[in-house]
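Peer 1: Below: sequence and its predicted model.
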Amino acid sequence: MSLTRLLRCVVFAGVLALSSGLPGSVLAEGELDALVGAFWAAVTDEERLAARNAILSADSRYEFSSVAEAMRHGRRYSADVGRGRQLRTRRNRDGVEFPYLVHVPESYDPSRPYPVRVYLHGGIMRPKRDDGSWWRNPDRFVRDDTIVVFPTSWPESIWWQRSQVENLAGLLNDIKRQYHIDENRLFLLGVSDGATGAYYHAFKATTPWAGFLPFIGHPAVLGNPSSDVGGEMHVVNLTGKPFFIVNGGRDRLYPVASVEPYLELFERAGVAMDFRPQPEGGHNLDWWPELTDAIDEFVADTRREPLPDRLSWRTENTDAYNRTHWLVINELAESGDGPSAESRRASDPANSLRRRMPATPLGLSTIGELEGGAGLRLMDVGAESVFALAGVEADDVLVSVNGRVMSSVDDLRSELVGFSPGDELPIGVDRDGRRLELVAAYPDIWTEQERAAFQHQRRSGVVEVTRDGNTVVVSSERVARFTLLLSPDRFDFSQPVRVETNGVISHGAVIEPSVETMLRWAAIDQDRSMLFGAELEIEVPDR
């Protein structure tokens, strides 16, 4: 047994002995602080349960408010901790190991709280690596005023699956136990696939994070059935946290023009965003030096409100992804068979993607890439289309567009975005060995089309909550039951708590706070700024 583990066992044995029924007169001064310190230091479920039981055994000697105060200040931090680059590993509950890198400032001072930046990498389809090499140039992200974390993803556990929700929560809890961090300044950043992952956690597991910074990613990936996404995306879930977003205009994968319709949808829904398009940017971080100060300013000015007065959350699953801060959706309302496409659109209006499309189609539907990057074979050109009107015919080889040689469909896609009505597009084609220089004119008339941003195949329900003092007003749709987690930092437990649900008074009595409830949720959240003294389960009245 390691010395650290042995000392931890000694501490827990002492804590248990201290609370095993000794007369109050012989209890050591500072007992409660010791009990709470053991609770926060617990690593395993067994240690946490022992610490919880010890506190509950001593509960009769302390008022709830005293225990809550000790919980807020109960963590103790040592200066004798690892610094610099550290390669660590943790396990999910299913036994899968998740390596991650942590960079702790060499000047780390345990007397002050540190913000945390968690970076999600791209290229998630590469095999799993355990040596920390999944981040190629981490030095540009390392800071002397922030703890920086680099988790990893691989094909069997990608950023937008439940396993990574558990992983990120777990590694944050590991870091909280050892280092003095500011629980309300945790930021999730991502690059490429990692940026898409940052969007995912904002959609499904937003509670720990103060803000999200997706770089050169695309939320549309989360609406693609082939992406193997865990759960469905609901735009209303993004409205509680701010975003700092960067995309490149010449990015071959996710150009600005393809991302903007989604960001416009988010803006209509009320999502707070600082969007920094880089017109000449590609699928890279070449713009990083120019935007570093803006990123730092965003982080410095953003702080999570752990117990916000307003909450909105929509979910299709009550086994996971059903919580935001102090709201938990427990049960959806029965509504017969699965909803129709029309009812899904009506039940989630913040899912309608608007796109401006040319009234005349481009006319390219079947394209083949030639070996060696010698052009694109246009197997079919639609009649009366933009390319047909320019003189392009079926079986032509598209050699260049706007002066750029065409070697892949991605080349063509990136050159076709960003043009406005009436713009002309020079194109070069090869027809039976003859080179032709043609001009395609984008039509002057464009139309606006709507489609669903994210596919919703399952029934979902939404709850919106507004708190004013001890009064909570709730509006819900397609939800049968939900729970409000009540914090002593927001509710006066000496006075009645009034809850109005869909216009009906569903609660109006005094609630007795519970230390057991506080410990159960503290074990889950590991968050001193988000302690709950009561659970109030509400059944939604029939309309």
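Peer 2: All right, it came through fine.
Peer 1: Just list the residues touching Pro496, thanks.
Peer 2: By C-beta atoms under 8 Å, 6 or more residues apart in numbering, Pro496 lies in contact with Asn470, Gly508, Ala509, Val510. C-beta coordinates here come from the backbone N, C-alpha and C atoms, glycine included.
Peer 1: Test my guess that the last one contacts Phe493.
Peer 2: Yes. Taking C-beta atoms under 8 Å as the contact criterion, Val510 and Phe493 are neighbours in contact, 7.2 Å apart.
Peer 1: on that earlier part again, in strands, which of the contacts of Pro496 appear?
Peer 2: Gly508, Ala509 (DSSP state E).
Peer 1: Show me the helices in the chain, by range?
Peer 2: Shown for the chain, the helices assigned by DSSP state H span residues 3-18, 31-41, 45-58, 64-72, 162-178, 193-204, 256-269, 288-301, 341-347, 386-389, 409-416, 515-525.
Peer 1: okay, these, which one's buried deepest?
Peer 2: Compared across those, helix 193-204 shows the largest average neighbour count, a mean of 26 (mean count of other C-beta atoms under 10 Å).
Peer 1: Run the chain-centre distance for it.
Peer 2: In this view, helix 193-204 has its centroid 5 Å away from the chain centroid, taken as C-alpha atoms, centre = their mean, to the nearest Å.
Peer 1: Kindly report the same for stretch 116-128.
Peer 2: Offset of stretch 116-128 from its chain centre (C-alpha atoms, centre = their mean): 14 Å.
Peer 1: Keeping just the C-alphas, turn that stretch into PDB.
Peer 2: Backbone C-alpha positions of stretch 116-128 (Å, rounded to 0.1, in the frame of the first residue of the first chain) are rendered in PDB as follows:
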ATOM      1  CA  VAL A 116      -9.300  25.800 -15.800                       C
ATOM      2  CA  ARG A 117      -9.200  25.400 -19.600                       C
ATOM      3  CA  VAL A 118     -10.000  22.000 -21.100                       C
ATOM      4  CA  TYR A 119      -9.000  21.500 -24.700                       C
ATOM      5  CA  LEU A 120     -10.600  18.900 -26.900                       C
ATOM      6  CA  HIS A 121      -8.400  17.800 -29.900                       C
ATOM      7  CA  GLY A 122      -9.300  17.000 -33.500                       C
ATOM      8  CA  GLY A 123      -8.700  13.900 -35.500                       C
ATOM      9  CA  ILE A 124     -10.800  11.600 -33.300                       C
ATOM     10  CA  MET A 125     -10.700   8.700 -35.700                       C
ATOM     11  CA  ARG A 126      -7.000   8.100 -35.000                       C
ATOM     12  CA  PRO A 127      -6.200   5.000 -32.800                       C
ATOM     13  CA  LYS A 128      -6.100   5.500 -29.100                       C
END
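Peer 1: Make residue 1 into 49 and carry on from there
Peer 2: Right, with 49 as the first residue, what we last looked at is stretch 164-176.
Peer 1: which residues make contact with it from outside it?
Peer 2: Among residues not part of stretch 164-176, those counted as contacts by C-beta under 8 Å, 6+ apart are 182-183, 189, 191, 194-204, 206-207, 216, 219-220, 223, 229-230, 233-243, 245-246, 347.
Peer 1: Could you pull up the mean pLDDT of that stretch?
Peer 2: Here the mean pLDDT over stretch 164-176 is 94, rounded to a whole number.
Peer 1: So for that stretch, what gets flagged as buried?
Peer 2: Residues of stretch 164-176 classed as buried under the neighbour-count rule (16 or more other C-beta atoms under 10 Å) are Val164, Arg165, Val166, Tyr167, Leu168, His169, Gly170, Ile172.
Peer 1: Identify those among those that sit within strands.
Peer 2: Counting by DSSP E, the part of these found in strands is Val164, Arg165, Val166, Tyr167, Leu168.
Peer 1: what about the fourth one, distance to Phe198?
Peer 2: Distance from Tyr167 to Phe198, counting by C-beta to C-beta, to the nearest Å: 5 Å.
Peer 1: Mutual contacts of those two, please.
Peer 2: Contact criterion C-beta under 8 Å, 6+ apart; residues shared by Tyr167 and Phe198: Trp183, Phe189.
Peer 1: who touches the residue nearest to Ala253 when sequence neighbours are not counted in this structure?
Peer 2: The shortest distance from Ala253 to any non-neighbouring residue, by C-beta to C-beta, 6 or more residues apart in numbering, is to Val213 (4.6 Å). Val213 makes contact with His249, Lys252, Ala253, Gly278, Ala368, Tyr369 under the criterion C-beta under 8 Å, 6+ apart.
Peer 1: So the fourth one is in contact with Trp207, correct?
Peer 2: It refers to Gly278. No. With contact taken as C-beta under 8 Å, Gly278 and Trp207 are classed as non-touching, separated by 9.9 Å.
Peer 1: Identify the contacts common to the two.
Peer 2: With contacts taken as C-beta under 8 Å, 6+ apart, the residues that reach both Gly278 and Trp207 are Tyr248.
Peer 1: which of the two has more neighbours?
Peer 2: The residue with the greater number of neighbours, taking Gly278 and Trp207 and applying other C-beta atoms under 10 Å, is Trp207; the counts read 30 against 19.
Peer 1: Distance of the residue lying closest to Leu220 once chain neighbours are set aside relative to Met321?
Peer 2: Ranked by C-beta to C-beta, 6+ apart and with sequence neighbours excluded, the top spatial neighbour of Leu220 is Pro256, at 6.1 Å. Per C-beta to C-beta, Pro256 is found 20 Å from Met321.
Peer 1: Could you check which of these two is surrounded by more residues?
Peer 2: Neighbours per residue, other C-beta under 10 Å: of Pro256 and Met321, the larger number sits with Pro256, 23 against 14.
Peer 1: Let's see the distance spanning stretch 158-167 from one end to the other.
Peer 2: Taking C-alpha to C-alpha, to the nearest Å, stretch 158-167 runs 23 Å from one end to the other.
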